[in-house]
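>>> When you get a sec, could you give me coordinates for this:
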Amino acid sequence: MADCQYVDADKKGSRFYRESPAKLEAAISTLNGHNLDFTFHLGDFIDRDFRSFDTLNPIAAKLKSPLYHALGNHDFEVEESKKQEVLKKLGLKKSYYSFRRRGYRFLIIDTTEVSTYRHPKGSEEQASAVTELERLRKAGVAGSKPWNGRPSETQLTWLESELAAASDGQETVLLFGHHPILPDESHAIWNSSSVDAIFQKHTCAKLYINGHNHAGYHLDSKGLHYLTLDGMVETENTNAFAVADLYSNRLEITGFGRQESHVLKFR
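Residues are numbered from 1 along each chain as shown. As a prediction, the model looks like this:
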């Protein structure tokens, strides 16, 4: 699932915010009918307002499988004093992390770490991100938008070490986050080429799945799959989520509602 994006507010364009809790409830009802090892929500659990978490968390608690969150830009559209509490509200101890199951390694990256919205206004981190965004805009970087961001250098070092360890252990790696890495357009992270280069260098990495661009997208880049899920918040009555079956050589995704189905064969 991606972009549930709830807030108690009137619709805006094609985003029907008040319908999101019912969609999440329906999705979880369907997901609970499958024998799932775990579930992901790939960012923008809320649209804004810290209280929105209190509406969604009791619904999410009905999941029979463990729920892993990736952080999205809208998750930080809360009161300045509450920004530091977002991770705890989503049950996260760290903003990027990994876990291993039966020869597979799952990496959840944080594409909001360096951004203009993640840290309180007036902080050193926020001021630095504002300066960086302006520099990227002047350089014509496609993803240089205030709703995007990027992993920090520290996180990229962690990512390299995780992928290297997976290669040594002959593990298959699946990666998840909120913002697209590719295609390099207005929804992509600020340093898309750098992160793509890391993924491409380690052939244990088979795919990256994200949200953020509610229209969805699939790109096969030299055998590495980039899949953007459809946003749940879009449209009044049609849901968007999926169930995935993982095999040694592929991931089979069965879409529900607006979400398309895919068979992603591993390089």
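
>>> give the contact list for the nearest residue to Arg51 once chain neighbours are set aside.
Nearest residue to Arg51, sequence neighbours excluded (Cβ to Cβ, 6 or more residues apart in numbering): Asp8, at 8.0 Å. The way it works is simple: take the backbone N, C-alpha and C, and place the C-beta from them, glycine included. Contacts for Asp8 (Cβ atoms under 8 Å, 6 or more residues apart in numbering) come out as Tyr17, Arg18, Asp49, Arg51, Ser52, Thr55.

>>> cool, and Gly169?
Here Gly169 is in contact with Arg105 (Cβ under 8 Å, 6+ apart).

>>> same check, this time on Thr55
Tyr6, Asp8, Pro21.

>>> can you check Thr235 too?
Ser14, Phe16, Arg258.

>>> right, and the last one touches Ala240 too?
Yes - under the contact definition of Cβ atoms under 8 Å, Arg258 touches Ala240, with a separation of 4.3 Å.

>>> Now the common contact residues for those two.
Common neighbours of Arg258 and Ala240 (criterion: Cβ under 8 Å, 6+ apart): Gly216, Asp230, Glu234.

>>> tally of neighbours for the second one?
By other Cβ atoms under 10 Å, the residues close to Asp230 number 26.

>>> ok, now the first one?
With neighbours defined by other Cβ under 10 Å, the count for Gly216 comes to 18.

>>> I figured it was touching Glu260, is that so?
Yes - using Cβ under 8 Å, Gly216 is in contact with Glu260, at 6.6 Å.

>>> Give me the secondary structure label for Leu207.
Three-state call for Leu207 (DSSP: H, G, I helix; E, B strand; the rest coil): strand.

>>> hmm, back to that, could you dump the contacts of Thr55 into a markdown table and include secondary structure, distance to Asp44 and pLDDT?
Listed next are these as a markdown table, based on DSSP: H, G, I helix; E, B strand; the rest coil; distance: Cβ to Cβ, whole Å; pLDDT from 0 to 100:
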| residue | secondary structure | distance to Asp44 | pLDDT |
| --- | --- | --- | --- |
| Tyr6 | strand | 9 | 98 |
| Asp8 | coil | 16 | 98 |
| Pro21 | helix | 14 | 98 |
